[in-house]
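**Q** Provided below are the primary sequence and the corresponding predicted coordinates.
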Amino acid sequence: MLACEQAASRAPDRSHQPATTNAPATALVAASAADTTPVAPTGSAEVIALQKEPRPIRALYINRFAAQSSKKMQHLIAIADSTEINAFVIDIKDEFGLNWHSSDPLLQRNEGKMGKVANLPALVDTLRAHGILPIARMVVFKDSVAARNNPDHVIRKPDGTPWKDKKGLTWVNPYSRAIWDYNFRVADEAVKMGFGEIQFDYVRFPEPYKSLPPQVFPEAAGRSKADALNDLLKTARARYDKMGVRMTADIFGLVTTVRGPLEVGQDWEKISPAVDVVLPMVYPSLYPHGSFGIRIPNAEPHKTIFIAITSARTRDAKLGITIPEHVRPWLQAFTLGAPHYGPAEIEAEKQAVYDAGYDGWVLWNPGSKYDEFLPALSKKFESHKKSPPLPLPPNTPLD
């Protein structure tokens, strides 16, 4: 699931772990041959334009189980056909492994035992025919299946044994080039199936809670966490630019306003220039009380998101990034604490994005259930972003 832990990750990155381990160095995932032949987009003229041009994306998140259900997908496609929705962010690789059966033996080894979409290429073709851009969501480092099958490439404890998070999960090592290559191999196949955007999620390190053993990262070689993520994303972007698709990344919402890297390695100034689009998860329910001077951010979705996204736009400007729609926030389509989130809250969140100068967003509902929010969706796509964007109120605190 996206971003459940962002509030615990706020401190700066201060850990530079030694690059030593007792584990053998042999990789169980082979390096991927870089076949970056461009893949011609198919489908309606609208979906081809969405892929080839920096147009606004308004998307729904589709989890692995919804993608496997023909009935649910028919319903979700009908929602897109009758509203402003023009893209689906679909789980193709999550904490449970892959969401389709690959013919690649190396991918089969790491696909996991959970159910899978019976015919993912056919689903992609259907979406494109309906003018819906398919976006491939990939959980990168919180990958317990790859960790279990590739024990040489996991985060370790000082004694050399695998490190586990609070849920008992082992993470793959973000410094491992073999793990990078495995994820590239997954993404390559997604592009060849017709996905028009590769979206990395959990492109970060796990939280180094004081109650857990220290984390040791083989292959770090003195690099900071932020530099490792920057290197990964730059490498991926160059690869998928050649193949004709966007390379994007999900990050904690706090990254838009916190200066310097979080302990999980995410740093706006390192990540934003390295991707085509950055997707901050600005869910109001995850901001601590008092953030931005707001007593309960969850009760003020417009103000919370407007401040967070305006900060992102301001920092992009300082980096010289002027690409339209370079920031595409994840919006909260679920209830976590009071108040209950319904159509009015979705409308407030969307308006905050428009007021900050952007037109695109993605709705996150962990169960991919959106019927409650349909009154908040426009019947057709129209631009609503403010140009110029609205300014922040004077003396707005950004932390």
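**A** Here it is on my side, so go on. Residues are numbered from 1 along each chain as shown.
**Q** for I62, phi and psi?
**A** phi -120, psi 110 (degrees, to the nearest 10).
**Q** tell me the bridge partners for it.
**A** On DSSP bridges, the residues paired with I62 through beta bridges are I90.
**Q** that one: neighbouring residues, count only.
**A** 25 (other C-beta atoms under 10 Å). Backbone N, C-alpha and C define where each C-beta goes, glycine included.
**Q** now swap in E95 and tell me
**A** So E95, with other C-beta under 10 Å, has 17 neighbours.
**Q** ok, R259 - contacts?
**A** Applying C-beta atoms under 8 Å, 6 or more residues apart in numbering to R259 gives no contacts.
**Q** let's verify it: helix, strand, or coil?
**A** Following DSSP: H, G, I helix; E, B strand; the rest coil, we place R259 in the coil state.
**Q** going forward, count from 57.
**A** Taking 57 as the first residue, the last one we looked at is R315.
**Q** how close does it sit to T139?
**A** 38 Å (C-beta to C-beta, to the nearest Å).
**Q** now swap in F197 and tell me
**A** As for F197, its distance to T139 is 34 Å (criterion: C-beta to C-beta).
**Q** between those two, which one's more packed in?
**A** It is F197, of F197 and T139, that has more neighbours when counted by other C-beta under 10 Å, with 25 against 18.
**Q** need phi/psi at the residue nearest to the spatial centre of the chain.
**A** Compute the mean C-alpha point of the chain, and by C-alpha atoms, centre = their mean the closest residue is D306, 2.8 Å away. With angles defined as degrees, to the nearest 10, D306 sits at phi -90, psi 140.
**Q** G216 too?
**A** Torsion angles, degrees, to the nearest 10, at G216: phi 90, psi -10.
**Q** now the helix or strand bottoming out on mean pLDDT in the chain - C-alpha only, PDB.
**A** The least trusted helix or strand in the chain, going by mean pLDDT, DSSP states H and E, turns out to be helix 101-108, with a mean of 92. What follows is helix 101-108, C-alpha atoms only, in PDB (Å, rounded to 0.1, in the frame of the first residue of the first chain):
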ATOM      1  CA  ALA A 101      -5.800   8.900 -30.900                       C
ATOM      2  CA  GLU A 102      -6.500  10.300 -27.500                       C
ATOM      3  CA  VAL A 103      -4.500   7.600 -25.700                       C
ATOM      4  CA  ILE A 104      -1.600   7.800 -28.100                       C
ATOM      5  CA  ALA A 105      -1.400  11.600 -27.400                       C
ATOM      6  CA  LEU A 106      -1.500  11.000 -23.700                       C
ATOM      7  CA  GLN A 107       1.500   8.800 -24.000                       C
ATOM      8  CA  LYS A 108       3.500  10.900 -26.400                       C
END
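**Q** what packs against it?
**A** strand 189-195 (3 or more C-beta pairs under 8 Å, 6 or more residues apart in numbering; DSSP states H and E).
**Q** what angle sits between the strand it packs on and helix 101-108?
**A** When axes from the mean of the first three to the mean of the last three C-alpha atoms, to 10 degrees is applied, the directions of strand 189-195 and helix 101-108 differ by 40 degrees.
**Q** centre of the chain to strand 189-195, how far?
**A** 9 Å (C-alpha atoms, centre = their mean, to the nearest Å).
**Q** and the average pLDDT for it is what?
**A** The average pLDDT within strand 189-195 is 98.
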